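Peer 1: how would this look folded up:
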Amino acid sequence: MITGHFAAVKEEPPHSPQMQATIRWLIAAKEGAPHFAMRVIEIKREGEKIPLHHHDYEHEVFIIEGQGNLLSPGGAQPVAYGYFAYIPAGEEHGFENTGEEPFRFICVIPKQ
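Peer 2: Residues are numbered from 1 along each chain as shown. Prediction:
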């Protein structure tokens with residue numbers, strides 16, 4: 001068993017300059033997880049976002065702090081603490097902070 005506190009995990013910059021967020025890889029291949037990776041993603045300031053993009057794998061998301069929008073080609077859906085989302089493979093999606101505090105969420109993806 002592996003346990004820890006998310007704040008003790010190194011915060012990394014985004015892999016793309018358009019993404020105004022940080023990521024903490026809580027559980028991934030480095031911990032021996034064979035099937036999934038769990039990350040905490042944080043968009044720190046109001047108005048910052050991760051623009052529309054897509055992947056060839058699904059995402060499961062759970063909002064743990066703040067408020068924001070889940071973005072899709074069809075518009076924005078407001079979310080806050082306690083909301084969750086399933087994003088199928090290939091579906092365009094993004095995230096935006098709409099509040100004064102950080103917008104933070106857990107994102108689980110299949111092992112790449």
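Peer 1: show me the beta-bridge partners of residue 60.
Peer 2: Beta bridges link residue 60 to residue 86, residue 108, judged by DSSP bridges.
Peer 1: swap that for residue 80, sorry
Peer 2: residue 67.
Peer 1: what's the neighbour count on it?
Peer 2: If you count neighbours by other CB atoms under 10 Å, residue 80 ends up with 13. (C-beta placed from N, C-alpha, C; glycine too.)
Peer 1: ok, now which ones touch it?
Peer 2: Contact partners of residue 80, counting by CB atoms under 8 Å, 6 or more residues apart in numbering, are 63, 66, 67, 68, 99.
Peer 1: what sits closest to the fourth one if chain neighbours are left out?
Peer 2: Beyond its immediate neighbours in the sequence, the residue positioned closest to residue 68 (CB to CB, 6 or more residues apart in numbering) is residue 103, lying 4.0 Å away.
Peer 1: one more: the second one?
Peer 2: Closest residue to residue 66 in three dimensions, ignoring its sequence neighbours and counting by CB to CB, 6+ apart: residue 103, at 3.8 Å.
Peer 1: cool, the last one as well?
Peer 2: Nearest-residue entry for residue 99: residue 67, 4.0 Å, with adjacent residues in sequence omitted and distances by CB to CB, 6+ apart.
Peer 1: many thanks, have a good one.
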